[in-house]
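Asker: Next one to model:
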Amino acid sequence: MCEQHSTESALEPSAARYSRHPCPCRPADARRAVEQAVAERCRATHTGCDEDALSDALLVTSELTTNAILHGGGVTDFHVDVVGPGVRVSVSDRSSDLPVALAPVDQEGRWRAGGRGWPIVCLLADDIRVTGLPAGGKCISAVVPLT
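Answerer: The predicted structure is shown next:
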């Protein structure tokens, strides 16, 4: 687990906190939703968008949605909202298992394919929360700074 990680037992009410976008089936759809939310915020506030920060947010989005597909039984819900100086991405899936970071090398000394997604999320996001859902599964929310 990363240091910013926290767990909660029930999903916080989301209607007032998140902009709702159709649930993406693919990481590319989720990235487009994040790009759109950030672009709308930049237009509304007449501020420039930091391309490096946006790239970090898109990478976190890709990792969270890919992990939900590969390890969580698929994306069941998706929210994105630009909050303060960052963008919050929330991805829900069917698995109650907490994310783990695997060592890059297995017990026999062979390099693993994959296993770098969760450490990337932990490196780039300021606030990460894993929330258990009442009907099963989990929601992972990560806030990525935009400045």
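
Asker: Where does residue 96 sit: helix, strand or coil?
Answerer: Secondary structure assignment for residue 96 (DSSP: H, G, I helix; E, B strand; the rest coil): coil.

Asker: Equivalent analysis for residue 107, please.
Answerer: Secondary structure of residue 107, reduced to three states by three-state DSSP: coil.

Asker: Tell me the confidence at it?
Answerer: Turning to residue 107, the model gives it a pLDDT of 87.

Asker: going forward can the numbers begin at 27, since that is how I track them
Answerer: All set: I'll call the first residue 27, so the last point we hit is now residue 133.

Asker: What is the neighbour count of it?
Answerer: Number of residues near residue 133 (other Cβ atoms under 10 Å) recorded here: 6. Placement of C-beta: from N, CA and C, glycine included.

Asker: what do you get for residue 129?
Answerer: As a burial measure, the neighbour count of residue 129 was computed by other Cβ under 10 Å and equals 8.

Asker: same thing with residue 153?
Answerer: 15.

Asker: Read off the pLDDT value for it.
Answerer: On the pLDDT scale, residue 153 gets 92.

Asker: Measure how far stretch 156-167 is from the centre of its chain, please.
Answerer: In terms of Cα atoms, centre = their mean, to the nearest Å, the centre of stretch 156-167 is found 13 Å from the chain centre.

Asker: do stretch 69-86 as well
Answerer: 15 Å.

Asker: and what of stretch 106-125?
Answerer: On the basis of Cα atoms, centre = their mean, the separation between the geometric centre of stretch 106-125 and that of its chain is 4 Å.

Asker: Export that stretch to CSV, keeping only CA atoms.
Answerer: Output of stretch 106-125 as CSV, limited to C-alpha atoms (Å, rounded to 0.1, in the frame of the first residue of the first chain):
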residue,chain,number,x,y,z
VAL,A,106,-14.3,12.7,-12.3
ASP,A,107,-14.3,16.1,-10.7
VAL,A,108,-11.9,19.0,-10.7
VAL,A,109,-11.6,20.0,-7.0
GLY,A,110,-9.5,22.9,-5.8
PRO,A,111,-6.1,22.5,-7.3
GLY,A,112,-6.5,18.9,-8.4
VAL,A,113,-8.6,16.4,-10.3
ARG,A,114,-10.4,13.5,-8.4
VAL,A,115,-10.8,10.3,-10.3
SER,A,116,-12.9,7.6,-8.8
VAL,A,117,-13.2,4.1,-10.3
SER,A,118,-15.4,1.3,-8.8
ASP,A,119,-15.1,-2.4,-9.6
ARG,A,120,-16.6,-5.7,-8.4
SER,A,121,-13.7,-6.9,-6.2
SER,A,122,-13.3,-6.2,-2.5
ASP,A,123,-9.6,-7.0,-2.6
LEU,A,124,-7.3,-4.1,-1.8
PRO,A,125,-4.7,-3.1,-4.4
